[in-house]
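*Asks:* my questions concern the predicted model and sequence given below.
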Amino acid sequence: MADIIGDIEVFDHSSTETNAFQVTENQNTGKPRKLYIESYGCQMNFSDSEIVASILQKSGFDTTSNIDDADLIFLNTCSIREKAEQTVRNRLTQINAIKKKKPEMMVGVLGCMAERLKTQLLEEEKIVDLVAGPDAYRDLPNLILQVDEGDKAVNTFLSREETYADISPVRLNSNGVTAFISIMRGCDNMCSFCVVPFTRGRERSRDPHSIVAEAKDLFDRGFREVTLLGQNVDSYKWSEQENNKSRLEKNGIDKVVNFANLLEMVALVNPDLRVRFSTSHPKDITDDVLFTMANYENICKYIHLPVQSGNSRILELMNRGYSREWYLNKVTRIREVLGEDCGLSSDMITGFCTETEEEHIDTLTLMDAVKYDFAYMFHYSERPGTLAAKKFMDDIPLEVKKRRLDEIIKKQTGHALYRNQFDIGKIYKVLIEGVSRRSDDFLQGRNSQNKVVIFPKENKTKGMYVNILIERCTGATLFGKIVD
Ligand code: SAH
Ligand code: SF4
Ligand code: F3S
């Protein structure tokens, strides 16, 4: 899952690792104990941390942004690449130094690494008191009690039903304008390189009524943009028959809600509430979704459509369920329905098992054909237990993987600038997210296509929509002035 945040001039090519963590804000509601939580990995984890804060608020914890004040430290972790896990292990070593001075402080590991390693984590990292997987957060108060009583505590049970639908997340580090709403959990896709199906379990969709209620509540509290989150939002599916028999009996109709229906339901909350979503899967995104996007001005014209590789044999080994041609046809269809202007971004992996030089060049030529606005690029990192780890040799030398990665990053840097240059002279509606990081005299926001736009402040403030004439750009940012 990917997001570009802020006025970064340098092209950010590894969303899930470099946006390493986010610290909670200070809450002061007089609770007896303090929780400090750091999130690693994708937006899903950041969103889960907000659920964790909500659950713990009810059992006597305020959040703090100062690690030294904490009675409880949680690391919400990611396993997507080896480097992501190494970052967390290094952080645990640093935290060990704090714990030496304050032995009563509790340390917990949550999220994907907790799920992958389970009790092994307690053996390998002595500092850890508590291990909880992504579906075990309701059990946290109980796990904390066990640690209070002097035991270590573990719950890595994966559920087929848990969606935390009824828990209203405590918005952490929020700008008060944009928020994420989790619409589903888990993934059933089994891409051969990917650890997510093992760490997050089976795919399940959240009750659409609770999603719409959360969007309404956010709008009423001043938020103006929601991003609907899932590993594969296009396979969102909810049926009253399967999930809520009592409501079915009351209403008498069993309407199946698919992703296009859900998008429309959220778009109808208010025309001033922007709707984004991530991640779309090229094999599953439908014409219905594209038409719904076209029908509603407030559904943003931006699709994150990870390709992973531009070669059909590699895509087959990756178990992605589409070929190079299918993918390129999808891009053509998107641009037919939504116009050339529609923002498109991707994730790509270099040096997957057996990838030849010619196959790598196929990724470069696919990039030339599509010209993405943004991309998140990685070299392949073998993950234990995945289909690829079981079936294929990780046979591409690291220096070759890295050289291929450098080549795609270089190409993407050129394409991002190329795409941004097309925007010069155009007027875009921008939702203001706050002041620019560089200067208080400038504001920043994003246009519908998800590009960061910076402009002189005048008398505007965050949460407002403004029309901006784009005057210049870099590869990562558009600059302009207010024209209304
Ligand atoms: N559900 C999303 C992706 C989630 S993981 C999707 O289907 O696209 C985010 C990205 O991390 C992936 O798109 C992929 O490009 C990358 N990734 C996943 N596993 C990886 C691995 N083993 N090595 C390198 N990159 C990986
Ligand atoms: Fe991983 Fe594939 Fe699922 Fe994305 S769709 S989370 S890459 S298995
Ligand atoms: Fe997300 Fe990392 Fe888990 S990308 S789903 S936190 S493995």
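*Replies:* Perfect, I can see it now. Ligands and ions are numbered 1, 2, ... in the order given.
*Asks:* show me the contacts for the residue of the stretch 151-300 of the chain found nearest ligand 3.
*Replies:* Closest to ligand 3 within the stretch 151-300 of the chain is residue 196: 4.8 Å, counting by CB to the nearest ligand atom. Quick note: C-beta positions are derived from backbone N, CA and C, even for glycine. Going by CB atoms under 8 Å, 6 or more residues apart in numbering, residue 196 touches 80, 112, 187, 231.
*Asks:* distance check, it against residue 165.
*Replies:* For residue 196, the distance to residue 165 equals 21 Å [CB to CB, to the nearest Å].
*Asks:* what's the answer for residue 159, then?
*Replies:* 12 Å.
*Asks:* about what we covered before: out of the contacts of residue 196, which one sits closest to ligand 1?
*Replies:* residue 231 (3.8 Å).
*Asks:* and the closest one, backbone torsions?
*Replies:* Main-chain torsions, residue 231, degrees, to the nearest 10: phi -70, psi -30.
*Asks:* ok, now which ones touch the residue nearest to it when sequence neighbours are not counted?
*Replies:* Once flanking residues are discounted, residue 231 sits nearest to residue 187: 4.0 Å by CB to CB, 6 or more residues apart in numbering. By CB under 8 Å, 6+ apart, the residues touching residue 187 are 194, 196, 197, 200, 203, 231, 232.
*Asks:* am I right that the third one is in contact with residue 185?
*Replies:* The reference is to residue 197. No - using CB atoms under 8 Å as the test, residue 197 is too far from residue 185 to be in contact (11.5 Å).
*Asks:* show me where pLDDT drops low in the protein?
*Replies:* Applying pLDDT under 70 to the chain flags residues 1-25, 241, 243-254.
*Asks:* need the residues of it near ligand 3, please.
*Replies:* 16, 41-42, 44-45, 78-80, 111-112, 195-196, 199-200 (CB under 6 Å from any ligand atom).
*Asks:* again, only this time at 5 Å
*Replies:* Counting by CB under 5 Å from any ligand atom, the chain comes close to ligand 3 at 16, 41, 42, 45, 78, 79, 80, 112, 196.
*Asks:* got the residues you listed as JSON lines, with secondary structure columns?
*Replies:* Below are those laid out as JSON lines (DSSP: H, G, I helix; E, B strand; the rest coil):
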{"residue": "16", "secondary structure": "helix"}
{"residue": "41", "secondary structure": "coil"}
{"residue": "42", "secondary structure": "coil"}
{"residue": "45", "secondary structure": "helix"}
{"residue": "78", "secondary structure": "coil"}
{"residue": "79", "secondary structure": "coil"}
{"residue": "80", "secondary structure": "coil"}
{"residue": "112", "secondary structure": "helix"}
{"residue": "196", "secondary structure": "helix"}
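*Asks:* among those residues, which are in reach of ligand 1?
*Replies:* Okay, of the residues of the chain next to ligand 3, nothing touches ligand 1 (CB under 5 Å from any ligand atom).
*Asks:* as a markdown table, these with distance to residue 283 would be great.
*Replies:* As requested, the residues of the chain next to ligand 3 are arranged in a markdown table below (distance: CB to CB, whole Å):
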| residue | distance to residue 283 |
| --- | --- |
| 16 | 21 |
| 41 | 24 |
| 42 | 20 |
| 45 | 25 |
| 78 | 24 |
| 79 | 24 |
| 80 | 20 |
| 112 | 23 |
| 196 | 16 |
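*Asks:* dump those residues into CSV; add distance to ligand 2 as well.
*Replies:* Shown next, in CSV, are the residues of the chain next to ligand 3 (distance: CB to the nearest ligand atom, whole Å):
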residue, distance to ligand 2
16, 11
41, 12
42, 9
45, 13
78, 12
79, 11
80, 8
112, 11
196, 4
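*Asks:* give me the more crowded residue out of residue 197 and residue 185.
*Replies:* Just comparing residue 197 and residue 185: by other CB atoms under 10 Å the higher neighbour count belongs to residue 185, 25 against 19.
*Asks:* hang on, residue 212 packs against residue 263?
*Replies:* No - with contact defined as CB under 8 Å, residue 212 does not count as touching residue 263 (11.2 Å).
*Asks:* the two: which is more packed in?
*Replies:* More crowded of residue 212 and residue 263, by other CB under 10 Å: residue 263, with 23 against 16.
*Asks:* the strand or helix carrying the more buried one packs against which elements?
*Replies:* Mapping residue 263 onto the secondary structure by DSSP states H and E places it in helix 259-267. The contact analysis (3 or more CB pairs under 8 Å, 6 or more residues apart in numbering; DSSP states H and E) places helix 259-267 against helix 208-220, strand 225-229, strand 274-278, helix 287-295.
*Asks:* okay, now the domains of the chain?
*Replies:* Domain assignment for the chain, taken from automatic domain parsing, gives 11-155, 178-421, 427-483.
*Asks:* end-to-end on the last one?
*Replies:* Distance across domain 427-483, first residue to last, is 8 Å (CA to CA, to the nearest Å).
*Asks:* from now on call the first residue 25
*Replies:* In the new count, where the first residue is 25, that last one comes out as domain 451-507.
*Asks:* any idea how far residue 421 lies from ligand 1?
*Replies:* Residue 421 is 15 Å from ligand 1, where distance means CB to the nearest ligand atom, to the nearest Å.
*Asks:* as a check, name the ranges of all helices in the stretch 25-174 of the chain.
*Replies:* 39-42, 67-81, 106-125, 135-141, 144-148, 164-172 (DSSP state H, counting those that start in this stretch).
*Asks:* okay, these in a markdown table with mean neighbour count next?
*Replies:* Below are the helices of the stretch 25-174 of the chain laid out as a markdown table (neighbours: other CB atoms under 10 Å):
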| stretch | mean neighbour count |
| --- | --- |
| helix 39-42 | 18 |
| helix 67-81 | 22 |
| helix 106-125 | 15 |
| helix 135-141 | 26 |
| helix 144-148 | 14 |
| helix 164-172 | 17 |
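*Asks:* so which of those helices gets nearest residue 487?
*Replies:* For the helices of the stretch 25-174 of the chain, the distance to residue 487 is smallest for helix 67-81, at 19.7 Å, taking CB to CB.
*Asks:* helices and strands around that closest one, which ones?
*Replies:* Secondary elements touching helix 67-81 (3+ CB pairs under 8 Å, 6+ apart): strand 57-63, strand 96-101, strand 130-134, helix 135-141, helix 164-172, strand 202-206, strand 249-253.
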